[in-house]
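A.B. asks: What would the 3D arrangement of this be:
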Amino acid sequence: MPAPEADVFARLSALAAIDGAEARPTRTITEVFTGRPLGTVPVGTAEDVADAFVRARAAQAHWAARPASERAAVFERYRALIVAEREYLMDVIQAETGKARWAAQEEVMGLMLAARYFSRVAPGLLEPHKVAGAFPVLNKAQVRTQPKGVVGVVAPWNYPLVLSIGDSIPALLAGNAVVVKPDSQTPFSSLAGAELLYRAGLPRDLLAVVTGPGTVVGTAIVDSCDYLMFTGSSTTGQTLAQQCGKRLIGFSAELGGKNPMIVTRGANLDKVAKAAVRACFSNAGQLCISIERIYVERSIAEEFTAEFVAATEAAKLGVAYDFSTDMGSLISESQLETVSKHVADATSKGAKVLTGGKARPDLGPLFFEPTVLSEVTDEMECGRNETFGPLVSIYPVDSVDEAVRLANDTEYGLNASVWAASTSEGEKIAQRLRAGTVCVDEGYAPAWGSTGAPMGGMGISGVGRRHGADGLLKFTEPQTIVVTRFMNLDPPPMLSQDKWQRFLMTIARNLRFLPGR
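C.D. replies: Numbering: from 1, shown residues only. Got it, this is the predicted structure:
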């Protein structure tokens, strides 16, 4: 099965929110597996972003006025379209990212789950609710939500569909408009997701996808949006946080990770080894929540290492628009260079390559073998820094306590994986880890797929959360409305100010005895 035809990409390119795109400079997007051109997209400017925001603000006012249930109906239809068009979406994702098809399917499933969850919970979460007023009977207090306005989404290349349109879903359901800047390497996935949303009935101006360089389009979005959602590196996240702080707008970000796995005595090592291949090498390791460090109790380290190396070597690399391969390609020369440098640096300083360690130009220009290292130290580039590629290190430890200490000895805190003799033991270990999500008896997918639970990072791995109630309400401003009934806080005619204030204090002192206080 080949990549989609050129006319598909030409159709998607026309959806970019850029007027007069046919007369603009363009960027050629290539098929990662082969390097052949797929199509071109127009290179947007700051003026294009400004135009998109003007249209978005006009559309947002009408959208926010519609009942939340009507907005949710659009995304129920959207989910049905995703299911119907899933093969097409996976083709587009694979063509411009180079990932294996099962990893592309994870992304499509993530979008389906987001549409399903948020369309179901949004009307309830956005419903006004009563809270206790300052004084019983006298005050009626209600909390409502208002949308932020126009949300900016700056999306990455590694999961270009679900981390652009998937993050737009709760923002739109909350009553906002959205302007998306897809990564310049992977615009077609975002445009394909937007195309289905338009077909589902979303007004076109509510979701604008502006293609172009981050230094121009991304900067203009940050300068104009009312809230920013970003996924990418911790370094870029720090810069964007400063820019948002200067403007006093909200900011949410999922950033980098140096994610640990802990394996203890009594774990089913055959099961762990096979699952670890997925956990470490999904999307060729180009996944913020993938595993890069494995801590194994010393008594089982040799056996686990043998099992894991064998499972890694059994993984099939290759080009296929079907489910016949286990790992695909890296996305770019820069990613290939980073992985190669990390391996070369580690081996030059004493690390041992247990399997992999080489580029595979015989398979495609950007393939690199899944690589397992031992004897890695902190002085090596891959010791404490995120590789973001198919590279993992194994560390034997003397105890669970040592494993937990080393797992937590990092600036990052995004995801972790725990495998123990029993589920209860695994849960106890998980509770000791400083990570936004921890999977017991799996690598990362169940945490990602649990859309009712918040997902995000601690430390330099992120700010805020996607998924769960927090993943929608962060795109709103809470508003408290308090109605004072019968009389205000001026003293009644029969009481002096002194007696009135004493009376108010008596009421305040006894509020703790009332329900909800």
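A.B. asks: Can you show me the strands along the stretch 101-250 of the chain?
C.D. replies: Under the criterion DSSP state E, counting those that start in this stretch, the stretch 101-250 of the chain contains strands at 129-131, 139-147, 150-154, 177-181, 207-209, 227-231, 250-254.
A.B. asks: Let's have those in CSV, adding mean neighbour count, distance to residue 481 and mean pLDDT.
C.D. replies: Any C-beta I mention is one placed from the backbone N, CA and C, and that applies to glycine too. Formatted as CSV, the entries for these read as follows, by neighbours: other CB atoms under 10 Å; distance: least, CB to CB, whole Å; pLDDT from 0 to 100:
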stretch, mean neighbour count, distance to residue 481, mean pLDDT
strand 129-131, 11, 10, 93
strand 139-147, 16, 5, 95
strand 150-154, 27, 24, 98
strand 177-181, 29, 25, 98
strand 207-209, 28, 30, 98
strand 227-231, 26, 22, 98
strand 250-254, 23, 21, 97
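A.B. asks: of the ones you listed, which approaches residue 97 most closely?
C.D. replies: Set against residue 97 and scored by CB to CB, these come closest in strand 227-231, at 14.3 Å.
A.B. asks: Check which helices and strands that closest one sits against.
C.D. replies: strand 150-154, helix 165-173, helix 234-247, strand 250-254 (3 or more CB pairs under 8 Å, 6 or more residues apart in numbering; DSSP states H and E).
A.B. asks: who touches the second one?
C.D. replies: Surrounding helix 165-173, the residues in contact under the criterion CB atoms under 8 Å, 6 or more residues apart in numbering are 63, 68, 71-72, 75, 78, 110-111, 114-115, 118-119, 122, 148, 151, 153, 155, 178, 180, 190, 193-194, 197, 202, 206-207, 227, 229, 231, 466, 471-472, 475.
A.B. asks: for the first one, same thing?
C.D. replies: Applying CB under 8 Å, 6+ apart, the external contacts of strand 150-154 come out as 53, 56-57, 60, 164, 167-168, 171, 176-181, 214, 218, 221-222, 224-232, 240, 475.
A.B. asks: before we move on, the earlier item: of all the helices and strands packed on strand 227-231, which one comes closest to residue 402?
C.D. replies: Proximity to residue 402 (CB to CB) singles out helix 234-247 among the helices and strands packed on strand 227-231, at 26.0 Å.
A.B. asks: and the closest one, what's its mean pLDDT?
C.D. replies: The predicted model gives helix 234-247 an average pLDDT of 96.
A.B. asks: Distance from that helix to the middle of the chain?
C.D. replies: Centroid displacement of helix 234-247 relative to its chain, using CA atoms, centre = their mean, to the nearest Å, is 17 Å.
A.B. asks: in that helix, what's buried?
C.D. replies: Within helix 234-247, the residues that qualify as buried by neighbour count (16 or more other CB atoms under 10 Å) are 234, 236, 237, 240, 241, 244.
A.B. asks: Just want the angle from it to strand 150-154.
C.D. replies: Using axes from the mean of the first three to the mean of the last three CA atoms, to 10 degrees, the interaxial angle of helix 234-247 with respect to strand 150-154 works out to 160 degrees.
A.B. asks: Check which helices and strands helix 234-247 sits against.
C.D. replies: Helices and strands touching helix 234-247, by 3+ CB pairs under 8 Å, 6+ apart, are helix 219-224, strand 227-231, strand 250-254, strand 462-463.
A.B. asks: Show me what the helix or strand following the last one is in contact with.
C.D. replies: Spelled out, that is strand 462-463. Beyond strand 462-463 on the C-terminal side, the first helix or strand identified by DSSP states H and E is helix 468-473. For helix 468-473, contacts defined as CB under 8 Å, 6+ apart pick out 118, 121-122, 125-126, 145, 170, 173-174, 451-455, 464-465.
A.B. asks: swap the cut-off to 7 Å and go again
C.D. replies: Contacts made with helix 468-473 from outside it, assessed by CB atoms under 7 Å, 6 or more residues apart in numbering, are listed as 118, 122, 125, 170, 173, 174, 452, 453, 454, 465.
A.B. asks: hmm, back to that, which one of the buried residues of helix 234-247 is nearest to residue 404?
C.D. replies: residue 234 (22.6 Å).
A.B. asks: who's in contact with the closest one?
C.D. replies: Taking CB under 7 Å, 6+ apart, one finds 255, 256, 460, 461 in contact with residue 234.
A.B. asks: try residue 31
C.D. replies: For residue 31, the set of contacting residues under the criterion of CB under 7 Å, 6+ apart consists of 3, 38, 95.
A.B. asks: The first one contacts residue 92, correct?
C.D. replies: No. Counting by CB atoms under 7 Å, residue 92 is not a contact partner of residue 3; they are 8.3 Å apart.
A.B. asks: Neighbour count for the two, which is higher?
C.D. replies: When residue 3 and residue 92 are compared on other CB atoms under 10 Å, the one with more neighbours turns out to be residue 92, at 26 against 19.
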